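Student: Take a look and give me a structure for this.
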Amino acid sequence: MPTQSINFQVRAVITPKERELFLDLPAKIYASDPHWIPPIRSSITKEFTSDYPFSQYGKLQQFVALSQDVDNPQPLGRIVAAVNQRLIEREGDNIGLFGYFECVSDFDVAQALLTSASEWLRVQGMTRVRGPIDLSTHNRCFFLVDGFDSPPLVMMPYNPPYYPELIERDGWQKAKDAYAYDFPLDKPLPKEFEKAHRVACKSGVNFRPIRTKGESFEKDAIAIYHLFNRAFAHSWSSTPRTEAEFLEEAKELQNIIDPDVFPIAEYNGEMIGFFMGLPDYNIPLKHVNGKLNWLGILKFLWYRRQIDQGRVITICSLPDYRLKMVPLALIYLGMQGGIQKGKPYKRAELSWVYEDNYPSRKLIEAAGGKIYKTYRIYEKAL
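Tutor: A predicted model of the protein is given here:
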């Protein structure tokens, strides 16, 4: 990793100019990286506003590292320290978070940013820090540590290869890894998956696509919210969302959902499982430069035609219905929906899956998935 001597200072972000420099930095870091997908700038901006849901149960502080240029200081790094009270209450431990980390390839800058975030969290009474997590794992989290040779799929993180080295050199330890699985769609699923679908249907399970219009969509989204909370109540480092938060996020995805890769399982009229697949909208987003103004929307619509892959975000089933083969049946339906005539999908990514989630890993690997990217969250005692 190259290291260079830079004169800089780390500031708490207070002024509008500092906020703009904070938002400007990623474009500088990734200027020559062909795999980076610029985030939608307005979406990142709203996460720091007083009406963003996080402000009701947490607090944060942004920091930016600036070059010592009186006339024109340039951003060299950024970080956000956050206290998520829901996480503290759930884990019974004073865990602070760092996120939104971006930095030039300079250890001194990275260390100063991490130190500034840690000191702020120590003042808030935190005893440990975990990250990168952008306020919660429902936003963005992880450093990519292996698999830098391809772009991230929709809603997945990406970073330069030197980020893990920067944080490990500062004494941070691995907290947990997660994997992304590559799943080519040119090979049929093992016969057990189609058989599982038949077994589930004979057991009285009904399958249908998610509904994407009006009140029907909202009804499905609410059912997914409650099912998700039941199925993933003990997921590591995860915090519960309110129904209003979940619905707001769902509505942002409403227009990009492909119902054919989002099957739902019901039993006696109750939702008991779902397979959440999404087209890889990172492909058109790469061309809008982080701005969905009228020109960005036109570019998005034009390049949307190039989408040829998708991401499977969640395969969810209540435990009582696993003996009815519901998870395997959902995988069968989701994959069949993706390869039916007229669909553009050539491959899928199943992500992310924690390293110790052995039931899901076993299921995905039985279906033919292969690990091709590894992500990591770090921790450090204060």
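Student: make it CA atoms for all contacts and neighbour counts henceforth
Tutor: Will do.
Student: Could you say which helix or strand holds Leu60?
Tutor: Assessed by DSSP states H and E, Leu60 sits inside strand 58-67.
Student: Can you list the strands that that strand pairs with?
Tutor: Strand 58-67 pairs in its sheet with strand 8-12 (antiparallel), strand 75-84 (antiparallel), by DSSP bridges.
Student: Can you give the distance of it from its chain's centre?
Tutor: How far strand 58-67 lies from its chain's middle: 21 Å, per CA atoms, centre = their mean, to the nearest Å.
Student: export it as PDB, just CAs?
Tutor: Listed next in PDB are the C-alpha coordinates belonging to strand 58-67 (Å, rounded to 0.1, in the frame of the first residue of the first chain):
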ATOM      1  CA  GLY A  58     -29.600   7.800  17.700                       C
ATOM      2  CA  LYS A  59     -27.000  10.500  17.300                       C
ATOM      3  CA  LEU A  60     -24.000  11.000  15.000                       C
ATOM      4  CA  GLN A  61     -21.100  13.100  14.100                       C
ATOM      5  CA  GLN A  62     -19.500  13.500  10.700                       C
ATOM      6  CA  PHE A  63     -15.800  14.200  10.300                       C
ATOM      7  CA  VAL A  64     -13.800  15.100   7.300                       C
ATOM      8  CA  ALA A  65     -10.000  15.200   6.800                       C
ATOM      9  CA  LEU A  66      -8.900  18.200   4.700                       C
ATOM     10  CA  SER A  67      -5.600  19.200   3.200                       C
END
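Student: what comes up buried for it?
Tutor: Buried positions in strand 58-67, judged by neighbour count with 16 or more other CA atoms under 10 Å: Lys59, Leu60, Gln61, Gln62, Phe63, Val64, Ala65, Leu66, Ser67.
Student: do stretch 267-274 as well
Tutor: Within stretch 267-274, the residues that count as buried by 16+ other CA under 10 Å are Tyr267, Met271, Ile272, Gly273, Phe274.
Student: hmm, who's touching it?
Tutor: If you take CA atoms under 8 Å, 6 or more residues apart in numbering as the criterion, stretch 267-274 is touched by 204-206, 223-224, 227, 262-266, 314-318, 321, 326-327, 330.
Student: Need the residues that contact the strand holding Leu60.
Tutor: Contacts with strand 58-67, where a contact means CA under 8 Å, 6+ apart, come from 6-13, 18, 21-22, 73-86, 109, 113, 116-117, 120.
Student: before we move on, what about stretch 370-378?
Tutor: Applying CA under 8 Å, 6+ apart, the contact partners of stretch 370-378 are 130-133, 141-148, 172-183.
Student: how far does that stretch sit from the chain's center?
Tutor: For stretch 370-378, the distance to the chain centre is 13 Å (CA atoms, centre = their mean).
Student: you'd agree Ala175 is in a helix?
Tutor: No: Ala175 is assigned strand when assessed by DSSP: H, G, I helix; E, B strand; the rest coil, not a helix.
Student: Quick one: the strands in this protein, in order.
Tutor: Using DSSP state E, the strands assigned to the chain run over residues 8-12, 58-67, 75-84, 95-103, 128-131, 143-146, 173-184, 205-209, 263-267, 270-279, 309-317, 347-354, 370-381.
Student: which of the ones you listed sits most buried?
Tutor: Of all the strands of the chain, strand 75-84 has the most neighbours on average by mean count of other CA atoms under 10 Å, namely a mean of 27.
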